[in-house]
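1. The amino acid sequence is not available; the structure is as follows:
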């Protein structure tokens, strides 16, 4: 059985509550690349308990909560697995994310400060051209994910952030994998610069349009070329 790739830090036993175990697992699962392998990642209760330094009881309770939220699936006699979506479901998620992020970008042109918008440009300061991004694809991929998260947060709309959070684990994994396919990184760099410029100029309509077009390109790529989701 392959070693699970979930990343966790030990928790202090005498201060651990059920909610802390649940939050630790949720954060760790959200950072996983759940589409990297052919099979869905398995979550081993014993291994998780050892890594967090707790008994298996709060682990089971946390996995049960995550199952109710649709992040984990408990299969009798097989164990707990991180839920992966079908291609149809992923395409629907991309559409919804595009609408949310587009709205967030429009709102950010009003709600975000100049300093906050300047931080978006700083994210890509080391990637002055597409060759640089391609040469450091792992670093660029993480910046790419952080960029889209930042736009959501800059809306300053708690409900929008909450709704987007439910999609993030799958959007994160899909973006991480597809950015390496068919030279998509080149288009990504250009798209990000257009979005940043529109945000800095406080152009709400244009910011929303650029974000939607950027997300639409991801949808088209998944629809046309991503066979590993079938």
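-> Received, thanks. Quick caveat, the model's predicted, so the values are computed rather than measured. Numbers count the residues shown, from 1 in each chain.

2. Please count neighbours and contacts with C-alpha atoms only from this point.
-> Fine.

3. What are the structural domain limits within this structure?
-> Residue ranges for the structural domains of the chain, counted by automatic domain parsing, are given in the record as 13-82, 87-225.

4. so after the worst-scoring helix or strand of the chain on mean pLDDT, what's the next helix or strand?
-> When the helices and strands of the chain are compared on mean pLDDT, DSSP states H and E, helix 130-135 comes out lowest with a mean of 62. Sequence-wise, the next helix or strand beyond helix 130-135 is helix 137-154, with elements assigned using DSSP states H and E.

5. Could you double-check that residue 24 lies in contact with residue 6?
-> No. In terms of C-alpha atoms under 8 Å, residue 24 does not count as a neighbour of residue 6; the distance is 10.8 Å.

6. report the longest helix in this structure, please.
-> Ranked by residue count, the top helix of the chain under DSSP state H comes out as helix 87-111.

7. element containing residue 80, please.
-> Assigned by DSSP H and E, residue 80 falls in strand 79-82.

8. Direction included, what does that strand pair against?
-> The pairing partners recorded for strand 79-82 under DSSP bridges are strand 42-43 (antiparallel), strand 72-75 (antiparallel).

9. quick check, distance from it to the centre of its chain.
-> Taking the mean C-alpha point of strand 79-82 and that of its whole chain, the gap between them comes to 19 Å (C-alpha atoms, centre = their mean, to the nearest Å).

10. just stretch 148-158 next, same as before
-> Its chain's C-alpha centre lies 13 Å from the corresponding centre of stretch 148-158 when counted by C-alpha atoms, centre = their mean.

11. Could I get the full set of helices for the protein?
-> Defined through DSSP H, the helices belonging to the chain, from first to last, are 18-30, 45-52, 56-68, 87-111, 114-123, 130-135, 137-154, 158-178, 184-200, 204-225.

12. would JSON lines of these with mean neighbour count and distance to residue 78 be doable?
-> JSON lines is the format used below for the helices of the chain (neighbours: other C-alpha atoms under 10 Å; distance: least, C-alpha to C-alpha, whole Å):
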{"stretch": "helix 18-30", "mean neighbour count": "17", "distance to residue 78": "19"}
{"stretch": "helix 45-52", "mean neighbour count": "16", "distance to residue 78": "12"}
{"stretch": "helix 56-68", "mean neighbour count": "18", "distance to residue 78": "14"}
{"stretch": "helix 87-111", "mean neighbour count": "20", "distance to residue 78": "24"}
{"stretch": "helix 114-123", "mean neighbour count": "15", "distance to residue 78": "42"}
{"stretch": "helix 130-135", "mean neighbour count": "16", "distance to residue 78": "40"}
{"stretch": "helix 137-154", "mean neighbour count": "19", "distance to residue 78": "32"}
{"stretch": "helix 158-178", "mean neighbour count": "17", "distance to residue 78": "23"}
{"stretch": "helix 184-200", "mean neighbour count": "18", "distance to residue 78": "37"}
{"stretch": "helix 204-225", "mean neighbour count": "18", "distance to residue 78": "30"}
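
13. Compare those and say which comes out lowest on pLDDT.
-> Of all these, helix 130-135 carries the lowest average pLDDT, namely a mean of 62.

14. Just to check, residue 21 is in contact with residue 63?
-> No. Judged on C-alpha under 8 Å, residue 21 makes no contact with residue 63 at a distance of 9.5 Å.

15. residues in contact with the residue nearest to residue 107 when sequence neighbours are not counted?
-> When the adjacent residues along the chain are set aside, residue 107 lies closest to residue 155, with 5.0 Å between them (C-alpha to C-alpha, 6 or more residues apart in numbering). Residue 155 makes contacts with 103-108, 111-112, as judged by C-alpha atoms under 8 Å, 6 or more residues apart in numbering.
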